[in-house]
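**Q** Quick one: sequence and predicted model below, then my questions.
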Amino acid sequence: MNYKVIAIGNVLMEDDGIGIYVVKKIRKQLMDSNIEVIIGETDFEYCLSLIEEGDFILLIDAAYYGKNPGEITVNSLKDYKQKKKYYTAHNYSIVDLIKLHYKSVKGYIIGIEIKSVSFKLGLSMELENQFHIISKKVVEKIFSLLTDE
């Protein structure tokens, strides 16, 4: 089983890039533990091309659940349900595509609660001020989930 952390998001859209920034910060710790790091940003096809049957993946992404900015939420891939209903082939999420193409892939989505999304390079002040703490919590959560696996 290969362990892979996949960061998705858009760094040009303020807090939507939080997953990218965090994974870049913790990349060395992950790689030192033989965890493959994929910086996918918005390129789902690239991410999918690096996933193989039997992988255990952790998707790191921005989330909006109405919680406090910087709060971490974990959902299992198998239990995750998309709340929006899409009607075109271009609107599948990466989770939908993983479930469709890789039946034996297991893992989790680690969502980092956002404050703001706008056309802006960099994070909101709220996430920027907590960035070190958020990164530490995410890496702890990753190792906790892998230990439980």
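**A** Arrived safely, thanks for sending.

**Q** With Ile39 as the reference, measure out to the closest residue to Ile133 other than its chain neighbours.
**A** Distance criterion C-beta to C-beta, 6 or more residues apart in numbering; nearest residue to Ile133, sequence neighbours excluded, is Gly70 at 7.1 Å. All C-beta spots, glycine's among them, are computed from the backbone N, C-alpha and C. To Ile39, Gly70 is 21 Å away according to C-beta to C-beta, to the nearest Å.

**Q** neighbours around the residue nearest to Ile133, how many?
**A** By other C-beta atoms under 10 Å, 20 other residues sit near Gly70.

**Q** quick one: secondary structure of it?
**A** coil (DSSP: H, G, I helix; E, B strand; the rest coil).

**Q** Could you measure from Gly66 over to Ile57?
**A** Gly66 is 26 Å from Ile57, by C-beta to C-beta.

**Q** neighbour count winner among these two?
**A** Between Gly66 and Ile57, counting by other C-beta under 10 Å, Ile57 is the more crowded of the two (24 against 7).

**Q** Would you confirm that that one contacts Met1?
**A** No - in this structure, Ile57 is not within contact of Met1 by C-beta atoms under 8 Å, at 10.4 Å.

**Q** For this structure, which segments count as helices?
**A** 18-32, 44-49, 94-101, 125-148 (DSSP state H).

**Q** quick check: angle from the longest one to helix 18-32?
**A** This points to helix 125-148. 40 degrees (axes from the mean of the first three to the mean of the last three C-alpha atoms, to 10 degrees).

**Q** helices and strands of this structure: which one has the lowest mean pLDDT?
**A** Ranked by mean pLDDT, DSSP states H and E, the helix or strand of the chain with the weakest confidence is helix 94-101, at a mean of 83.

**Q** Return that one as PDB; C-alpha atoms alone will do.
**A** Extracted in PDB, the C-alpha atoms of helix 94-101 (Å, rounded to 0.1, in the frame of the first residue of the first chain):
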ATOM      1  CA  ILE A  94     -11.900  14.700  -7.500                       C
ATOM      2  CA  VAL A  95     -13.600  12.500  -4.800                       C
ATOM      3  CA  ASP A  96     -16.300  11.500  -7.400                       C
ATOM      4  CA  LEU A  97     -13.600  10.600  -9.900                       C
ATOM      5  CA  ILE A  98     -11.500   8.600  -7.400                       C
ATOM      6  CA  LYS A  99     -14.600   6.600  -6.400                       C
ATOM      7  CA  LEU A 100     -15.500   6.000 -10.000                       C
ATOM      8  CA  HIS A 101     -12.100   4.900 -11.200                       C
END
